[in-house]
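1. based on what follows, work out the 3D shape:
(chains A, B, C, D, E and F)
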Number of protein chains: 4
Amino acid sequence: MNIKEQRRAEIIKAAMKVFGKHGFHKAKIEEIAKVAGIGKGTVYEYFSSKNELFEQMVEYIVITYFDMAKEAMGQHKTARGKLLAFAEHHGSFIAHHINMAENILPSSNFLSEEIKSRILEMKKSIVSLIDSTLEEGVKTKELKTDLNIKVATLSILGAINQNYTIEIFLQKIDPKDIDPTPIIDTIFNGLVNK
Amino acid sequence: MNIKEQRRAEIIKAAMKVFGKHGFHKAKIEEIAKVAGIGKGTVYEYFSSKNELFEQMVEYIVITYFDMAKEAMGQHKTARGKLLAFAEHHGSFIAHHINMAENILPSSNFLSEEIKSRILEMKKSIVSLIDSTLEEGVKTKELKTDLNIKVATLSILGAINQNYTIEIFLQKIDPKDIDPTPIIDTIFNGLVNK
Amino acid sequence: MNIKEQRRAEIIKAAMKVFGKHGFHKAKIEEIAKVAGIGKGTVYEYFSSKNELFEQMVEYIVITYFDMAKEAMGQHKTARGKLLAFAEHHGSFIAHHINMAENILPSSNFLSEEIKSRILEMKKSIVSLIDSTLEEGVKTKELKTDLNIKVATLSILGAINQNYTIEIFLQKIDPKDIDPTPIIDTIFNGLVNK
Amino acid sequence: MNIKEQRRAEIIKAAMKVFGKHGFHKAKIEEIAKVAGIGKGTVYEYFSSKNELFEQMVEYIVITYFDMAKEAMGQHKTARGKLLAFAEHHGSFIAHHINMAENILPSSNFLSEEIKSRILEMKKSIVSLIDSTLEEGVKTKELKTDLNIKVATLSILGAINQNYTIEIFLQKIDPKDIDPTPIIDTIFNGLVNK
DNA sequence: CATGAATGAGTCTTCATTCAT
DNA sequence: TATGAATGAAGACTCATTCAT
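-> Coordinates of the predicted model:
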């Protein structure tokens, strides 16, 4: 049992490397097996098809992303603090999954409806996480009382993602060296001259 | 000449439909030809390979996106007006290219370095467009004088994209029915309680 | 009429270059047309198919070879003289048709039975040419009276071909610089120590 | 290991049949596989491409030819004896590889430079074999002391090949029924009336 | 007559998946 | 249980040939 799950995990790790490097179609089961240090046929003992392996891998990534985000944010009290933590988490995550972001998520064609909806749930959970952070901030008067929370949440998510993506992919900056403060502050304080 | 360019354009249109529906690998040249109403071999009279056709198509999309954005923004004076126009343009564009966004851009693996760099130039042009809009806004005192323009630009782009994406893809809302005002205003006015 | 035959001849000349360079299958009708300075479709006005063009070309070459051999040998009286002339002709011919020899004749798969038999007739004519040269030599006492003419003919043909082929193809020697005398003399005088 | 080499050999045997029958281009991998009693894909487990299979086959033939020639000649002492043995070997070989000779060697266009040079080495080895046979004959006074060995070698090779080719291909005579004595004697004794 | 744009039959090659060992 | 040899479906691409202009 334990050994089986461990083997499964190893294959998923190998799949992350190989799908990440080549994208879904150019990734070969044989290479994944080799990276995992096992035989080609063995992969099929744990996953019924290339598609299923891909799906399981995507689910693993999404769950991991969510759990880490939740943990990082839990260590802060203010909305600003939580969002700064989330931004840092997001940056470090996409940096470690550059190729995923570029090569995998696009392959969403190959995801089954079932797994798509599970991923969607996860995405909604992320949104809820930010949503409730903002709601909390409104209650504590840290944030405007008339805030359009839905729009604000999506704007924050988009802004964080866009800023980190550019810095990491184009400017090749290490996510640890990116300061999330200007991003959050720009959003928090707005642009207009008052 | 004219007829040749027209045929080329027809093939690219067909390619947009088919690559959009299936992504790069599952798209078949034969289907593209059928959609274009021509024979399989004819595609190869105009494009030397599936890859080249894909690249030409991506370039066409990117150029179109940029030109339309520029035109839409040109009809406004204030930063706020320009950004609202840009948001609407972006929304309508991704709505018409849903599958592109989902299935094509990810296939970036298959783009040659040359076309990748051309696309990158276009993306930078988009950023410059917003950048100068914000600079202008600072000069006219519409915006804060101490604005971190780079961060603000990326935040706006990310916020617009995220909001429209969610509305269009998940809520299945027609982009014409999405009001960009709350998005721009949320960014412009900030979140904090002052 | 005259213009038609001339055009036909031009196409055959072009075919010799292109088939010679690439062999039957890799030769493209389009390249032959380009070399002939005409349009692709025009080739089909003169030859009904790639195969027919190939056949006509082979026949042309074979006839030319035979006519030239006959003419060269006619200017000599002794068997030795005739054979030296033939050797020189053969050498100059294969030098000018290197690629033919290497790439074309092998493609004999594609020759129709009809043309194959016509070519065979030509080959037999060459053999007859040498045969009668030797017979004549026997009559005039230039050659042994108990000569096995058939074997001698084929041996001479084989020896000349082999010597010239090696010199021209491997040693890259110009056929004009090859002296046929040692070849003919070696055959004429024999190898054994008497 | 053994099983793998055996399978490899089976495929080469099948390739000899099919390439021999159709020539390089008209031969289909699928037919080779069928003749070998395996699936199409399996061919690619052993040879990376049609070209490589063709090359390996050609090399196999050439090596076999050389080894057999060497062995046949080794069982004789005099130059005459060795050459008679060589002639018989050559005749039996080309008889068993009629189609090869006609359809394959011409396809030399498709051979890589590497394999071409390996084949060239083999051809040179054959020439050396005859060369040293003649040299030995000169030393033992079996042959003329002033013999032009290079020319004599090529003449013998050419004469043998031409005589056997005509008998086997045109007269459809079984190589076993061809007596090499007249060929060798004609060359050995010369043509001139002394 | 000459042309070349259009065509689609034909084939190599890849790789997910199976299954005998 | 683990393996990797064997398989064949699937698809990009070529090019001889046709035919409207």
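2. what sits against the residue sitting nearest the centre point of chain A?
-> Ranked by distance to the mean C-alpha position of chain A (C-alpha atoms, centre = their mean), the top residue is residue A:65 at 4.5 Å. Applying C-beta atoms under 8 Å, 6 or more residues apart in numbering or on different chains to residue A:65 gives the contacts A:93, A:122, A:126. Just so you know, the C-beta spots here come from the backbone N, C-alpha and C atoms, and that holds for glycine as well.
3. what helix or strand is it located in?
-> Residue A:65 is part of helix A:50-74, with elements assigned from DSSP states H and E.
4. any buried residues in that helix, and which?
-> Neighbour counts over helix A:50-74 (16 or more other C-beta atoms under 10 Å in any protein chain shown) mark A:50, A:53-62, A:65-66, A:69, A:72-73 as buried.
5. tell me the pLDDT of the residue nearest to the centre of chain A.
-> As predicted, residue A:65 sits at a pLDDT of 90.
6. what does chain A have sitting close to DNA strand E?
-> Applying C-beta under 7 Å from any atom of the strand, we find that chain A lies next to DNA strand E at A:25-30, A:40-41, A:44, A:49-51.
7. what is the least confident helix or strand in chain A?
-> Within chain A, no helix or strand scores below helix A:98-99, which has a mean of 64 by mean pLDDT, DSSP states H and E.
8. against which helices or strands is whatever helix or strand comes next after that one packed?
-> Per DSSP H and E, the first helix or strand lying C-terminal to helix A:98-99 is helix A:113-139. Packing partners of helix A:113-139 (3 or more C-beta pairs under 8 Å, 6 or more residues apart in numbering or on different chains; DSSP states H and E): helix A:50-74, helix A:79-96, helix A:149-165.
9. next, the angle helix B:149-165 makes with helix A:113-139.
-> Between helix A:113-139 and helix B:149-165, the angle comes out at 130 degrees (axes from the mean of the first three to the mean of the last three C-alpha atoms, to 10 degrees).
10. for residue A:92, see how far away residue A:13 is.
-> Here the criterion is C-beta to C-beta, to the nearest Å. By it, residue A:13 lies 18 Å from residue A:92.
11. again with residue A:112
-> Distance from residue A:112 to residue A:92, by C-beta to C-beta: 29 Å.
12. go on, residue A:152?
-> For residue A:152, the distance to residue A:92 - C-beta to C-beta - is 23 Å.
13. more neighbours, those two?
-> Neighbour count, other C-beta atoms under 10 Å in any protein chain shown: between residue A:152 and residue A:92, residue A:152 has more, with 27 against 18.
14. can you give me the neighbour number for the residue of chain A found nearest chain C?
-> Of all residues in chain A, residue A:26 sits closest to chain C, at 30.3 Å by C-beta to the nearest C-beta. Residues near residue A:26, counting by other C-beta under 10 Å, number 14.
15. can you list the domains in chain A?
-> A:1-47, A:50-189 (automatic domain parsing).
16. and those, which one's lowest on average pLDDT?
-> Looking at the domains of chain A, the bottom one is domain A:50-189 with a mean of 87.
17. for DNA strand F, give me its nearest residue in chain A.
-> As assessed by C-beta to the nearest atom of the strand, DNA strand F sits closest to residue A:41 within chain A, at 2.0 Å.
18. relative to residue D:4, how far out is that residue?
-> 18 Å.
19. tell me who's in contact with the closest residue to chain D within chain A.
-> Chain A approaches chain D most closely through residue A:30 (12.3 Å), counting by C-beta to the nearest C-beta. With contacts defined as C-beta under 8 Å, 6+ apart, residue A:30 is in contact with residue A:40.
20. which SS state does residue A:76 fall under?
-> coil (DSSP: H, G, I helix; E, B strand; the rest coil).
21. count the neighbours of the nearest residue to it once chain neighbours are set aside for me.
-> Leaving out its chain neighbours, the residue that sits closest to residue A:76 by C-beta to C-beta, 6 or more residues apart in numbering or on different chains is residue A:82, at 4.6 Å. By the measure other C-beta under 10 Å, the count of residues near residue A:82 is 24.
22. surely residue A:82 and residue A:70 touch.
-> No. Residue A:82 is not in contact with residue A:70 according to C-beta atoms under 8 Å; the separation is 10.3 Å.
23. on that earlier part again, burial count for the residue of chain A closest to DNA strand F?
-> 9.
24. and it, what element?
-> Assigned by DSSP H and E, residue A:41 falls within helix A:40-46.
25. output that helix as CSV, nothing but the C-alphas.
-> What follows is helix A:40-46 as a C-alpha-only set of coordinates in CSV (Å, rounded to 0.1, in the frame of the first residue of the first chain):
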residue,chain,number,x,y,z
LYS,A,40,7.4,1.7,-19.6
GLY,A,41,4.8,-0.9,-18.9
THR,A,42,4.9,-0.2,-15.2
VAL,A,43,3.4,3.2,-15.7
TYR,A,44,0.3,1.5,-16.9
GLU,A,45,0.1,-0.5,-13.6
TYR,A,46,-0.5,2.8,-11.8
